[in-house]
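A.B. asks: Quick one, structure for this:
(one chain, ligands or ions: 2)
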Amino acid sequence: MADYQVIVIGAGPAGYVAAIRCAQLGMKTACIDKWINSAGKPSLGGTCLNVGCIPSKALLDSSHHYYDMNHHANEHGIQCDGLRIDVAAMQARKNNIVSTLTQGIGSLFKKNKVTHLAGTARFINAKQIEVTTQEGSQQTVTADNIIIATGSVPVSLSIAPVDNEYILDSTGALALTEIPKKIGVIGAGAIGLELGSVWSRLGSEVTVLEGLPDFLAFADRKIATLALKELKKQNLDIRLGVNVVATKVIDQQVQITYSNAQGEQEITVDKLIVAVGRKPFSEGLNLAAIGIEMNERGFIKVGDDRQTNIPGVYAIGDVIGGPMLAHKGSEEGIMVAERLAGQKTEMHYDIMPWVIYTFPEIAWVGKTEEQLKAEGITYKVGQFPFMASGRAKAQGNTSGMIRVIADAETDRVLGVHIFGISASELLAEAVLAMEFQASSEDLARTIHAHPTLAEAMHEAALAVENRAIHA
Ligand code: FAD
Ligand code: NAI
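C.D. replies: Ligands and ions are numbered 1, 2, ... in the order given. Sure thing, here's the model as predicted:
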């Protein structure tokens with residue numbers, strides 16, 4: 001008999017959620033994770049909790065308070081003379097949040113009777129795993145089913161090798177102890193915009209160099225245009241369509257050479273953040289030896305049930321590709337656990353919420369107009385500006401809008417795109433509407449409390465049939 005019914009490798013949001021759900025469903029479960037934090041201790045939660053979603057949002061919130069106090073407190077009659085930021089205290093707050101949450105997963109494991117094995121996993125065969133602790137001791141454990149959830153790591157650029165002193169990856173950019181005067185960022189994606197915002201709000205001059213000619217090329221064009229304009233107003237110098245050709249560390253600064261339509265350009269910064277995407281991580285798992293198939297980009301290949309080509313071995317989260325988002329991995333973890341328990345759980349990948357935590361936030365679900373045009377689907381759009389929302393006005397930020405896109409024939413909601421305050425929270429209504437296959441009329445006939453930002457969703461839905469009241 002195997003030691004466990006299920007072994008999960010990796011305790012990021014995909015793996016730890018899978019392990020908890022397996023245990024809830026009565027399976028004897030272990031979760032192996034190799035993460036060691038800066039204090040040298042094993043830490044659960046993977047990229048998301050240790051160096052991703054959570055610490056970045058902690059710094060975004062701190063830096064937003066500081067920026068808001070500096071720029072907008074006086075509008076409320078609040079005088080903030082002598083305001084200053086204590087970076088060490090801000091980082092300590094972030095570290096405290098991370099350690100509380102990562103330890104919280106340990107408690108959830110105990111509560112649900114998941115065995116936590118701290119160490120690095122390596123396949124011996126499809127049912128047997130060798131675990132090596134950081135001290136070097138080894139044990140072998142066996143399981144009927146194995147779920148690989150080993151996540152991803154940053155993509156590196158040979159022209160900008162990360163040393164985490166001058167050229168930083170996202171982990172280095174989250175750990176800065178001083179505010180650099182000038183920061184360069186390669187990549188205007190989620191990380192570039194979020195971490196660029198953090199340091200820019202605290203006073204750094206931030207230049208973001210994006211390879212593509214369009215800003216957030218995969219987002220709704222109107223929303224992306226509004227967001228770009230607003231972020232530029234906040235002093236994020238976003239340069240599109242650039243080709244970074246070289247970087248050089250000279251005299252404790254980084255010289256960046258890039259070309260754009262105007263020819264070759266050079267800027268010098270104190271720190272350079274490289275944020276050009278993430279790649280799957282499965283090093284050291286010995287996958288080739290047991291014959292697990294991967295695609296040409298290193299993602300583990302899986303079927304609809306997230307099973308690899310080896311029966312009983314599953315893979316979930318960033319390591320299989322698709323949107324590299326925490327909630328995507330967690331839902332896959334739940335799906336695999338429930339399927340192992342004989343349930344028929346499925347996921348709707350086309351109803352995936354996306355959020356970029358700039359201020360205000362950019363959030364969307366479903367299709368863009370461009371995608372619908374390419375697919376030959378006819379649609380109607382209703383949009384409503386936050387400028388016309390009483391609550392947005394009272395809160396002091398009226399940037400942006402909500403756009404609801406519905407099928408021209410059936411009225412079914414096909415996409416919702418938001419740029420505005422609390423977009424991440426407002427999006428949940430749209431995600432639920434799409435899960436329930438709601439029409440724009442369903443949203444329009446739903447009573448929304450007044451005064452709320454959610455009324456803008458109501459009005460955008462009303463606008464699909466040109467019957468918005470307040471615009
Ligand atoms: P990971 O979280 O990468 O976890 C994998 C785990 O496997 C790690 O703990 C690793 O140590 C362990 N592991 C790997 N190999 C082995 C082995 N051989 N043995 C044992 N353990 C092993 N996503 C969002 O949805 N929202 C956000 O706001 C957001 N913000 C982000 C901000 C930043 C700065 C970054 C970098 C990422 C952000 N992400 C965000 C992305 C999110 O962090 C990832 O999509 C998510 O963590 C992927 O989860 P995962 O469980 O697949 O992998
Ligand atoms: P990303 O894929 O979001 O953005 C990378 C950007 O870099 C793209 O715009 C790309 O065009 C650009 N780029 C690539 N190579 C380049 C080059 N050589 N020169 C200039 N520009 C170049 O990746 P990012 O920001 O690194 O984030 C990694 C992952 O983490 C993403 O998949 C994202 O989903 C996830 N994440 C999610 C967050 C969220 O949900 N709020 C926050 C942060 C990360």
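A.B. asks: ok and the residue in the stretch 301-450 of the chain nearest ligand 2?
C.D. replies: Met324 (3.4 Å; Cβ to the nearest ligand atom). The C-beta positions use only the backbone N, C-alpha and C, and glycine is treated the same way.
A.B. asks: Now do the SS call for the closest residue in space to that residue that isn't next to it in sequence.
C.D. replies: Spatial nearest neighbour of Met324, chain neighbours left out: Asp318 (4.7 Å); criterion: Cβ to Cβ, 6 or more residues apart in numbering. When classified by DSSP: H, G, I helix; E, B strand; the rest coil, Asp318 comes out as helix.
A.B. asks: ok, Asp318 - contacts?
C.D. replies: For Asp318, the contact set (Cβ atoms under 8 Å, 6 or more residues apart in numbering) comprises Gly12, Ala14, Thr47, Gly151, Ser152, Arg278, Pro280, Phe281, Met324, Gly329.
A.B. asks: 7 Å instead, please
C.D. replies: Contact criterion Cβ atoms under 7 Å, 6 or more residues apart in numbering gives Gly151, Ser152, Arg278, Pro280, Met324, Gly329 as the residues in contact with Asp318.
A.B. asks: State the distance from it to Leu174.
C.D. replies: Asp318 sits at a distance of 18 Å from Leu174 (criterion: Cβ to Cβ, to the nearest Å).
A.B. asks: Touching, the residue of the stretch 301-450 of the chain closest to ligand 2 and Arg278? I think so.
C.D. replies: Yes - Met324 sits in contact with Arg278 when judged by Cβ atoms under 7 Å, with a separation of 5.5 Å.
A.B. asks: rewinding a little: going by neighbour count, which of the contacts of Asp318 comes out on top?
C.D. replies: Within the contacts of Asp318, most neighbours by other Cβ atoms under 10 Å means Gly329, with 30 neighbours.
A.B. asks: Now name the helix or strand holding it.
C.D. replies: Under the criterion of DSSP states H and E, Gly329 resides in helix 326-340.
A.B. asks: and that helix, what other elements does it pack with?
C.D. replies: helix 13-24 (3 or more Cβ pairs under 7 Å, 6 or more residues apart in numbering; DSSP states H and E).
A.B. asks: Mind doing that once more with 8 Å?
C.D. replies: Using 3 or more Cβ pairs under 8 Å, 6 or more residues apart in numbering; DSSP states H and E as the contact definition, the elements that helix 326-340 packs against are strand 4-9, helix 13-24, strand 138-148.
A.B. asks: Of all the residues in this structure, which one is nearest ligand 2?
C.D. replies: Per Cβ to the nearest ligand atom, the residue of the chain with the smallest distance to ligand 2 is Gly189, at 1.7 Å.
A.B. asks: Enumerate every residue touching that residue.
C.D. replies: Gly189 makes contacts with Ala275, Val276, Gly277, as judged by Cβ under 8 Å, 6+ apart.
A.B. asks: from the residues you listed, which would you call buried?
C.D. replies: By neighbour count, with 16 or more other Cβ atoms under 10 Å, the contacts of Gly189 hold Ala275, Val276 as buried.
A.B. asks: between the contacts of Gly189, which is nearest Ser424?
C.D. replies: Ala275 (19.7 Å; Cβ to Cβ).
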